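>>> My questions concern the predicted model and sequence given below.
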Amino acid sequence: MSLIYNIGHLVGIQPSGVLRVQGAAQGQTGVLEHAWLSIEDGRIAAFGPMASCPKMAGQAGQDGSVMPDPDRASVDARGGMVMPGFCDSHTHVVYAGSRDGEFLDKINGLSYEEIAARGGGILNSADRLRQTPERGLYRQSLVRVKEMMKKGTVALEIKSGYGLSPEAELKMLRVIRRIRETVPAAVKSTFLGAHAVGRGYTHAEYVQMVIDLLPEAAPLADFVDVFCDDGFFTVEDTERILEAARGLLTPKIHANELAVSGGVQVGVRHGALSVDHLERTTDAEIEALKGSKTMPTMLPGSSFFLGLPYGRAKDYIQAGLGVALASDYNPGSSPSGDMRFVMAQGCIKMRLTPVEAFNAVTLNSAYAMGLSDRYGSITVGKKAALILTEPGWDLTRVAYQYQTPFIRKVYL
Ligand code: NIG
Ligand code: FE
């Protein structure tokens, strides 16, 4: 059992059973000032106001729920904030090398589509990945995941999609599994065979290859994804792949990054857990999402890096939906897994309130990878996957003063 006391703000308190927040509820979260929190077997055991703190009283807590324990390891938060760690429901952190060469093309004015059309982009990463032994791929990727954990990420999803052949896609999925087995953060795995058409295949052959690979990929993955967008995969391709994946893997779809693609609607029809990107959306997408279990997920890091419009998060929330934000950490459109920067962009560029952005990078993002029963809020019984900040921080300042180091310790 351990105890954190003298917490300035304990932020993100939710009753148990709340798996996502939508509409007006996205703008609210439970906050306790001058609080304590106890941890047992890696889970949140109890919390309350300092007046009832078991350690400070030196006796049973006034609420009787926490007994004094001589073995208790206690941490004085010195007025720091405690919040649930960041949940990042959309990343491509398993990749080989980098694409810094294309960075110059981009600076010189080429668009994402133009770079891809010249054989750069995803195909460039696929070439590098195939030349990299599995062990090296694991090592490089682990460095990135450790960097993310240091910055407060406690749960993340990782996609395949830089293999683009049966062998290389399975290699990626094995690397993701090994990362999952190694790190204390929760890791979910997504089979994104349909990320781009691999070299040596026609479009139709490639879609068939992805479908044929599903039975072998499914045991290594939790989800299936398709890049349903202009120049990549069509709604019909997506439909076929999701039909074939039915009963094997739940969909999470890349949609509406480059064009209004129809990806949102096909995802919702197939019970997708999330539809992601949404830089280009009309009211029809918002309508399609109403009443569904699908979490619209926006990736401001790729809007920032590619100069795309930011998703209309505010309109989704005003329509009564919930919104998640994720990093999209990948070498081509978002070479950063910094969820604090994602949260700040949610506020600065998407006009979310700090609480709306906070819920988007914690509870709703946990929902978007099927983890919100265990992650994403301060709730008794959930994993004690927490950020303890330096003294004096609150949610608004985390987003506002978005580059000043604020983390004192990440609990995993
Ligand atoms: O989510 N849009 C598709 N996939 C990634 C980018 C992949 C890449 O360029 O390497 C994304 O932005
Ligand atoms: Fe992505």
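Sure, I can see it. Ligands and ions are numbered 1, 2, ... in the order given.
>>> tell me which parts of the stretch 151-300 of the chain are close to ligand 1?
Contacts of the stretch 151-300 of the chain with ligand 1, taken as C-beta under 6 Å from any ligand atom, map to Phe227, His254, Glu257. (Each C-beta comes from the backbone N, C-alpha and C, glycine too.)
>>> try 8 Å
Selection of the stretch 151-300 of the chain residues close to ligand 1 by C-beta under 8 Å from any ligand atom yields 161-162, 192, 195, 227, 229, 232, 254, 257-258, 276-277, 299.
>>> What's the local residue count around the closest residue to ligand 1 within the stretch 1-150 of the chain?
Nearest residue of the stretch 1-150 of the chain to ligand 1 (C-beta to the nearest ligand atom) works out as Ile122 at 4.7 Å. Per other C-beta atoms under 10 Å, the neighbour tally for Ile122 reads 25.
>>> That one - that's part of a strand, no?
No - assigned with DSSP: H, G, I helix; E, B strand; the rest coil, Ile122 falls outside any strand and is helix.
>>> excluding its backbone neighbours, what's nearest it?
Ala196 (4.1 Å; C-beta to C-beta, 6 or more residues apart in numbering).
>>> So which residues of the stretch 51-200 of the chain form strands?
Here the stretch 51-200 of the chain has its strands, by DSSP state E, counting those that start in this stretch, at 73-76, 80-84, 86-88, 153-159, 186-194.
>>> following the last one, which helix or strand comes up?
Note on strand 186-194: by DSSP states H and E, the next helix or strand toward the C-terminus is helix 203-217.
>>> shouldn't Pro309 be in contact with Thr281?
No - the criterion here is C-beta atoms under 8 Å, and Pro309 misses it with Thr281 at 9.4 Å.
>>> isn't Leu37 right next to Gly12, touching?
No - applying C-beta under 8 Å, one finds Leu37 not in contact with Gly12, separated by 11.1 Å.
>>> List the residues that are in contact with both of these two.
By C-beta atoms under 8 Å, 6 or more residues apart in numbering, Leu37 and Gly12 have these common neighbours: Ile378.
>>> What values do phi and psi take at Ser377?
Dihedral pair for Ser377: phi -160, psi 170, per degrees, to the nearest 10.
>>> sorry, that was for Gly370
The phi/psi pair for Gly370 (degrees, to the nearest 10) is phi 70, psi 30.
>>> residues touching it, list them.
Gly370 touches Lys188, Asp222, Thr250, Leu273, counting by C-beta under 8 Å, 6+ apart.
>>> how many neighbours does the third one have?
If I follow you right, that is Thr250. Around Thr250 there are 20 residues (other C-beta under 10 Å).
>>> what about it, distance to Ala73?
39 Å (C-beta to C-beta, to the nearest Å).
>>> mind checking the end-to-end distance for stretch 94-107?
Length of stretch 94-107, first residue to last, C-alpha to C-alpha, to the nearest Å: 25 Å.
>>> Pick out the residue in the stretch 201-350 of the chain sitting closest to ligand 1.
Counting by C-beta to the nearest ligand atom, the stretch 201-350 of the chain gets nearest ligand 1 through Gly332, at 2.2 Å.
>>> OK, contacts around that residue?
Gly332 sits next to Arg99, Glu102, Tyr112, Ile115, Gly121, Ile122, Ser125 when contact means C-beta under 8 Å, 6+ apart.
>>> Tell me both backbone torsions, phi and psi, for the residue nearest to Gly392 when sequence neighbours are not counted.
Spatially, and ignoring its direct neighbours in sequence, Gly392 is nearest to Gly79 (6.3 Å; C-beta to C-beta, 6+ apart). Here is the backbone geometry of Gly79 (degrees, to the nearest 10): phi 80, psi 0.
>>> next one: Tyr411
phi -100, psi 130.
>>> okay, now the residue nearest to it when sequence neighbours are not counted: neighbour count?
Leaving out its chain neighbours, the residue that sits closest to Tyr411 by C-beta to C-beta, 6+ apart is Leu386, at 4.3 Å. Applying other C-beta under 10 Å, we find 23 residues neighbouring Leu386.
>>> Just give the nearest non-adjacent residue to Ile253, would you?
Using C-beta to C-beta, 6+ apart and skipping the chain neighbours, the partner closest in space to Ile253 is Gly267 (3.8 Å).
>>> Surely the one you found and Pro251 touch.
Yes - using C-beta under 8 Å, Gly267 is in contact with Pro251, at 5.9 Å.
>>> Which one's more surrounded, these two?
Neighbours were counted for Gly267 and for Pro251 using other C-beta under 10 Å; Gly267 has more, 30 against 25.
>>> Could you look up the next helix or strand downstream of the helix or strand harbouring that one?
Assessed by DSSP H and E, Gly267 sits inside helix 263-269. As assigned by DSSP H and E, the chain's next helix or strand after helix 263-269 is strand 274-277.
>>> ok, and what's touching that next one?
Contacts of strand 274-277 (C-beta under 8 Å, 6+ apart): 89-90, 229, 252-257, 263-264, 267-268, 289, 294-299, 302, 311, 324, 326, 328, 368-369.
>>> So which of those are in strands?
Those of the contacts of strand 274-277 mapping onto strands are Lys252, Ile253, His254, Ala255, Met295, Pro296, Thr297, Met298, Ala324, per DSSP state E.
>>> so how many other residues sit close to Ala24?
By the criterion of other C-beta under 10 Å, Ala24 has 11 neighbours.
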